[in-house]
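Enquirer: Give me the fold of what follows.
(one chain, ligands or ions: 1)
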Amino acid sequence: MAFELPALPYAHDALEPHIDARTMEIHHGKHHAGYTANLNAAIAGTDLEGQSIEAILAGCDMNNKALRNNGGGFYNHSLFWSVLQPNGGGHPTGALAQAIEDSFGSFDQFKEQFSAAAKTQFGSGWAWLCVHKGGKLDVCSTANQDNPLMPGITCGGTPILGLDVWEHAYYLNYQNRRPDYVSAFFNVINWTAVAERFASNK
Ligand code: MN
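Expert: Numbers count the residues shown, from 1 in each chain. All right, here's what the predicted structure looks like:
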């Protein structure tokens, strides 16, 4: 059973002005579609066919560049679309809000750490909010399409929020102004979706 490009749960222009429609069209329809097709090609005829993407990443041979880059690309973007929503942002509530306070001191301190991770990731990569067993949260960043589920990625844990800081994610609208894109991201976060990921992975 091959992996399929997940449909976007909103229209291409739904996240404007924070993320523009043309970027969403290319990012989902070309980049994510490409990772999906190349992941399927990388696992075709191997014993990885039929495994979950989480299992594939956890057991990933990091020297297998096609699997590492495209398996990561498939998973990372699937997570990314699911934690965005039009008119999102604000603050998390309930158990996730409490865990953020316990782990970072306050929501503002979390936001500062996450934004710093996103802004200082050199070149292409991702910033993550991860949960460890027991509910402890932390922030990290990874290069290229790596993510914390992969072996040897030191931040570990399970990602519950991710921000794509590849130039393809923001360059059309923001050019080199990555910090503005990082700030805008906080206006489209779907905290309900993040809280669901927290609850099922803590
Ligand atoms: Mn991307």
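
Enquirer: For the rest of this, base every contact and every neighbour count on C-alpha atoms.
Expert: Noted.

Enquirer: Next, the most centrally placed residue in the chain: phi, psi?
Expert: Nearest to the geometric centre of the chain sits residue 162, at 3.0 Å (CA atoms, centre = their mean). The phi/psi pair for residue 162 (degrees, to the nearest 10) reads phi -140, psi 150.

Enquirer: Now do the buried residues in the longest helix seen in the chain.
Expert: For the chain, the helix reaching the highest residue count under DSSP state H is reported as helix 65-82. Across helix 65-82, burial judged by 16 or more other CA atoms under 10 Å covers 66-79, 81-82.

Enquirer: Need the contact partners of whichever helix or strand comes after that helix.
Expert: Next along the chain after helix 65-82, taking DSSP states H and E as the criterion, comes helix 94-104. The contact list for helix 94-104, computed with CA atoms under 8 Å, 6 or more residues apart in numbering, reads 91, 106-107, 110, 135-138, 195, 198-199.

Enquirer: And stretch 61-68, by the same measure?
Expert: Taking CA under 8 Å, 6+ apart as the rule, stretch 61-68 contacts 38-39, 42-43, 57, 60, 145-146, 151.

Enquirer: ok, of these, which come out buried?
Expert: For the contacts of stretch 61-68, a neighbour count by 16+ other CA under 10 Å gives the buried set as 38-39, 42-43, 57, 60, 145-146.

Enquirer: for the contacts of helix 94-104, which one is nearest residue 28?
Expert: residue 195 (23.7 Å; CA to CA).

Enquirer: re earlier: skipping its backbone neighbours, what lies nearest the residue nearest to the centre of the chain in space?
Expert: Spatial nearest neighbour of residue 162, excluding adjacent residues (CA to CA, 6 or more residues apart in numbering): residue 128 at 4.6 Å.

Enquirer: distance between the ends of stretch 49-60?
Expert: Chord length of stretch 49-60, first to last residue, is 13 Å (CA to CA, to the nearest Å).

Enquirer: likewise stretch 130-149?
Expert: End-to-end for stretch 130-149, by CA to CA: 10 Å.

Enquirer: tilt between the helix or strand where the residue nearest to residue 162 lies and helix 94-104?
Expert: Taking DSSP H and E as the definition, residue 128 sits inside strand 125-131. Between strand 125-131 and helix 94-104, the angle comes out at 110 degrees (axes from the mean of the first three to the mean of the last three CA atoms, to 10 degrees).

Enquirer: neighbouring strands for strand 125-131, and are they parallel or not?
Expert: strand 137-143 (antiparallel), strand 158-164 (antiparallel) (DSSP bridges).

Enquirer: what's the average pLDDT for the helix or strand just after the last one?
Expert: Same thing as strand 158-164. Next in sequence after strand 158-164, counting helices and strands by DSSP H and E, comes helix 171-174. For helix 171-174, mean pLDDT is 97.

Enquirer: which residues are contacting helix 171-174?
Expert: With CA under 8 Å, 6+ apart, helix 171-174 has contacts from 19-20, 23, 180-181.
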